[in-house]
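K.L.:
Give me a 3D structure for the following:
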Amino acid sequence: MPQLRERPGGASVVSALLLLAGISQLAAAADVELWRLDCGEFPPMNIEEMSDTFDYPPGRTKVLTDSCYVIRHGHDYMLWDTGFSAATAEAFKVTAGEPLKAQLSRIGLDPKQISIIGISHWHPDHTGQAAQFPQARLLMGKADFEILADSKSPDVAPWLADGAKVEKVSGDKDVFGDSSIVMLATPGHTVGHYSLLVRLQKFEPVILSGDLWHFSEQVSHNGVPLENMDRAATLASMDRILKAAANLKAKTIIQHEKADISKLPLFPASAR
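P.N.:
Below you'll find the predicted structure:
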């Protein structure tokens, strides 16, 4: 083995290796638990516009689910996406599912224990109940937060005041600083879209993919919905998550795909 020497004007290679080892040990040692929550279901949707390359014939429908997640990191609790509000569920004619607060109570959680809310993107089926947790710090892609802020959306009302606990995220975000929970920048569906990597101790790593895909067929088709903001960015983000999942041996959960959501334990059971 070659001798490791001090770098002029900087930390030694040994120090760098020890730092990397320490980060790895922190991620491995983090006490993380993940629950999937029921945030409702859409009525049968015409999926013709879910591909800009005409993958799906007119009139073909699919039922999509809406899922949210709660993650425990030590003594801290984080929500990932918050489903529809009752008002927007009625407007969109969807089933909203059991309110988040009621679901949290089933695992013994007081809503005030939620200290962080992470949002994959600005669409109302992901932001609807966020304002019910005003004490939490909001983490959201900068571009997407600004869309809601400009429209004075009630979904982000608690975080519009000066000094509010909001972080407008750019690039990847290591939520707890130990690599156990990382917001991965996956723009395309919206400009500030994010997926979430959750590293668990026993269960394999999980990637919650937001709306990068809406159902499983889109993965093999490289299916880009007509509504997406940037086609090239979408395809690059899809490629990133597929490669990350392969390298990490992670389970990717398409948040609107019932078959994918069922890869996780049935609530109130959790993955650890």
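K.L.:
starting at the chain centroid, how far to stretch 147-155?
P.N.:
The chain centre lies 20 Å from the centre of stretch 147-155; the measure is Cα atoms, centre = their mean, to the nearest Å.
K.L.:
Can we start the residue count at 53 from this point?
P.N.:
In the new count, where the first residue is 53, that last one comes out as stretch 199-207.
K.L.:
tell me which residues of it are tucked away?
P.N.:
The neighbour-count check on stretch 199-207 (16 or more other Cβ atoms under 10 Å) flags Ile199, Leu200, Ala201, Ser205, Pro206, Asp207 as buried. Heads up, the C-betas are built off the backbone N, CA and C, glycines and all.
K.L.:
Pipe these into a markdown table and attach pLDDT, secondary structure and distance to Ile305 per row.
P.N.:
Shown next, in a markdown table, are those (pLDDT from 0 to 100; DSSP: H, G, I helix; E, B strand; the rest coil; distance: Cβ to Cβ, whole Å):
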| residue | pLDDT | secondary structure | distance to Ile305 |
| --- | --- | --- | --- |
| Ile199 | 98 | helix | 25 |
| Leu200 | 98 | helix | 24 |
| Ala201 | 98 | helix | 28 |
| Ser205 | 97 | coil | 26 |
| Pro206 | 97 | helix | 28 |
| Asp207 | 97 | helix | 23 |
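K.L.:
and which of those residues is nearest to Gly244?
P.N.:
The nearest member of the buried residues of stretch 199-207 to Gly244, counting by Cβ to Cβ, is Ile199 at 8.1 Å.
K.L.:
measure that closest one to Thr179 for me?
P.N.:
Relative to Thr179, Ile199 is positioned 10 Å away (Cβ to Cβ, to the nearest Å).
K.L.:
and if you look at Ser167?
P.N.:
Note on Ser167: its distance to Thr179, by Cβ to Cβ, is 18 Å.
K.L.:
More neighbours: the two, which one.
P.N.:
Neighbour count, other Cβ atoms under 10 Å: between Ser167 and Thr179, Thr179 has more, with 28 against 16.
K.L.:
Helices along this structure, start to end?
P.N.:
65-81, 138-144, 152-157, 176-179, 194-202, 269-273, 283-300, 310-313 (DSSP state H).
K.L.:
nearest to Pro186, of those?
P.N.:
Among the helices of the chain, the nearest to Pro186 by Cβ to Cβ is helix 152-157 (12.7 Å).
K.L.:
Give me the packing partners of the closest one, helices and strands only.
P.N.:
Under the contact definition 3 or more Cβ pairs under 8 Å, 6 or more residues apart in numbering; DSSP states H and E, helix 152-157 sits against strand 84-93.
K.L.:
and the strand it packs on, what does it pack onto?
P.N.:
strand 117-125, helix 152-157.
K.L.:
so which of these gets nearest Leu191?
P.N.:
Judging those by Cβ to Cβ, what sits closest to Leu191 is strand 117-125, at 12.1 Å.
K.L.:
quick check: angle from that closest one to strand 84-93?
P.N.:
Between strand 117-125 and strand 84-93, the angle comes out at 160 degrees (axes from the mean of the first three to the mean of the last three Cα atoms, to 10 degrees).
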